[in-house]
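Visitor: attaching a predicted model along with its sequence, questions to come.
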Amino acid sequence: MKRTVALIFSLDTQRQVISPALRERMARMFNVVSPVADGKVTPEVAAEFLREADGCMSGWGSPNLSAEVLAKAPKLRIMAHSAGSVKPFVSDKLFERGIVVTSASAQIAVDVAHFTLGLIIIGQKDLMELSPRVAHGEFWGIKGGYRPANDPRGCTVGVISASHVGRCVLKLLPHFEMNALLYDPYVSAEQARALQAEKVELDELFERSDVVSCHAPSIPATQHIVNAARLAKMRDGAVFINTARGSCVDEHALVEELKKRRIWAFLDVFDPEPPPPGSPLFTCPNLTMTPHMAGCVGRGRLRLGEQACSELEAYFAGKPAQYPVTKEMLDRIA
């Protein structure tokens, strides 16, 4: 007997994460209930979709599965999220009911890790500063006043947090002969060694690293974890990367440190996001900014739908979730 699965996010978002082939696959496996027109799915509409649903797939723009919504979803047993953080979409009642929650954040993590690796390499090669100099007529005769290019092999990368992304980055570094330091209060020294990293405290990480890469979640404990005192400990010529959450960085302190032209920074996330017009970040020539696109973009987003569908398929086959999210995890994930 086919299970009923409700898609509780807009058609526009579905097109980004569900390919035609996946939609056909889901139709063969499940009775799929979905919006038939564009527009945001409200809690009221979601409740109607969930009335007979055994499972659901959520995504960007889904409503919160509150007690009121769940009261109309007596058969619901699993919520497979086709994006990263589930925090805006879950409620205590969801966990009280024992409904399984999964996330596709591990798929996003791979893309973010690849993006981060690229920044580490071009940061060491000093591509961001040398490129405009070549455009202005300098080539062999590039003069001083810039960060000297270096070989990425042998550099020390300090990773803040052994999150999904952090672990993916740590897995990549040995392939490029890079050394890894790790700060994560939830990881032991032995666990860090298993990740091919040396566990250190955060201040030491900033002091010893050629590159500091932040992969921490946005929780009270990480608010402005990257502050003026720690930025001041960075080596001359070092690179700071944030592809995690903007709230982890004291942006005022970062701007003040960047003014000294000692370090370079790459920011893919901001606080607030996007930066407001006239932000002092826009005045820093040694800062490269991207619009929160380190994660899955373009065809990469189709992997998110594939992951969510696989979780639904496995659950109804009696298999455990590959990437479950529990209530206890919410205090320390993004």
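Guide: Sure thing, it's come through.
Visitor: buried stuff in the least confident helix or strand in the chain by mean pLDDT?
Guide: Taking mean pLDDT, DSSP states H and E as the measure, helix 127-135 is the helix or strand of the chain with the lowest mean score, a mean of 81. Residues of helix 127-135 classed as buried: M128, E129, L130, R133 (neighbour count, 16 or more other CB atoms under 10 Å). Glycine gets a C-beta too; all of them are placed from N, C-alpha and C.
Visitor: determine which two of the residues you listed are furthest apart.
Guide: M128 and R133 (10.6 Å; CB to CB).
Visitor: my read is that V165 contacts Q107, right?
Guide: No - using CB atoms under 8 Å, V165 is not in contact with Q107, being 11.2 Å away.
Visitor: which one of the two has more residues nearby?
Guide: V165 (31 against 24; other CB atoms under 10 Å).
Visitor: circling back: would you list the buried residues of helix 127-135 in CSV and tack on distance to P35?
Guide: Converted to CSV, the buried residues of helix 127-135 look like this (distance: CB to CB, whole Å):
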residue, distance to P35
M128, 43
E129, 48
L130, 49
R133, 52
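Visitor: of these, closest to P285?
Guide: E129 (8.5 Å).
Visitor: verify the contact between the closest one and R261 for me.
Guide: No - in this structure E129 lies outside contact range of R261 using CB under 8 Å: 10.2 Å.
Visitor: which neighbours do those two share?
Guide: N286 (CB atoms under 8 Å, 6 or more residues apart in numbering).
Visitor: low-confidence regions, the protein specifically.
Guide: 140-147 (pLDDT under 70).
Visitor: cutoff 90 now
Guide: Within the chain, the stretches with pLDDT under 90 are 1, 35-40, 85, 126-151, 296-300, 329-334.
Visitor: pull the CA atoms of the least confident helix or strand of the chain into PDB?
Guide: Taking Å, rounded to 0.1, in the frame of the first residue of the first chain, the C-alpha atoms of helix 127-135 are listed here in PDB:
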ATOM      1  CA  LEU A 127      44.500  35.700  -6.200                       C
ATOM      2  CA  MET A 128      42.100  38.300  -4.800                       C
ATOM      3  CA  GLU A 129      44.900  41.000  -4.500                       C
ATOM      4  CA  LEU A 130      47.200  40.100  -7.300                       C
ATOM      5  CA  SER A 131      44.400  39.900 -10.000                       C
ATOM      6  CA  PRO A 132      43.500  43.700 -10.000                       C
ATOM      7  CA  ARG A 133      47.300  44.500 -10.000                       C
ATOM      8  CA  VAL A 134      47.800  42.600 -13.200                       C
ATOM      9  CA  ALA A 135      44.800  44.400 -14.700                       C
END
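Visitor: what about the helix or strand harbouring T288, distance to the chain center?
Guide: Here T288, judged by DSSP states H and E, is contained in strand 287-289. The chain centre lies 18 Å from the centre of strand 287-289; the measure is CA atoms, centre = their mean, to the nearest Å.
Visitor: same deal with stretch 290-308?
Guide: That offset, for stretch 290-308, works out to 10 Å (CA atoms, centre = their mean).
Visitor: now it: buried residues?
Guide: Buried-residue list, stretch 290-308, by 16+ other CB under 10 Å: A294, G295, C296, R301, L302, R303, L304, G305, E306, Q307, A308.
Visitor: just those: which are in strands?
Guide: When DSSP state E is applied, those are split such that none fall in strands.
Visitor: and L254, that's in a helix?
Guide: Yes - per DSSP: H, G, I helix; E, B strand; the rest coil, L254 lies within a helix segment.
Visitor: ok, back up a step: partner strands of the strand holding T288 and their direction?
Guide: According to DSSP bridges, strand 287-289 forms sheet pairs with strand 264-267 (parallel).
Visitor: what comes into contact with the partner strand?
Guide: Contacts for strand 264-267 (CB under 8 Å, 6+ apart): 119, 123, 128-129, 147, 238-243, 246, 249, 254, 258, 281, 284, 286-290.
Visitor: change it to 6 Å
Guide: L119, V239, F240, I241, N242, N286, L287, T288, M289 (CB atoms under 6 Å, 6 or more residues apart in numbering).
Visitor: same thing with stretch 278-295?
Guide: 108, 111-112, 115, 128, 243, 255, 258, 261, 264-269, 275.
Visitor: what ranges does the protein have for its strands?
Guide: According to DSSP E, the strands that the chain contains are 3-7, 30-33, 55-58, 78-81, 100-103, 156-160, 179-183, 198-199, 211-214, 239-242, 264-267, 287-289.
Visitor: would a markdown table of these with mean neighbour count and distance to A232 be doable?
Guide: Shown next, in a markdown table, are the strands of the chain (neighbours: other CB atoms under 10 Å; distance: least, CB to CB, whole Å):
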| stretch | mean neighbour count | distance to A232 |
| --- | --- | --- |
| strand 3-7 | 24 | 49 |
| strand 30-33 | 18 | 55 |
| strand 55-58 | 28 | 42 |
| strand 78-81 | 26 | 39 |
| strand 100-103 | 25 | 36 |
| strand 156-160 | 26 | 15 |
| strand 179-183 | 23 | 17 |
| strand 198-199 | 18 | 22 |
| strand 211-214 | 28 | 13 |
| strand 239-242 | 26 | 12 |
| strand 264-267 | 24 | 14 |
| strand 287-289 | 18 | 17 |
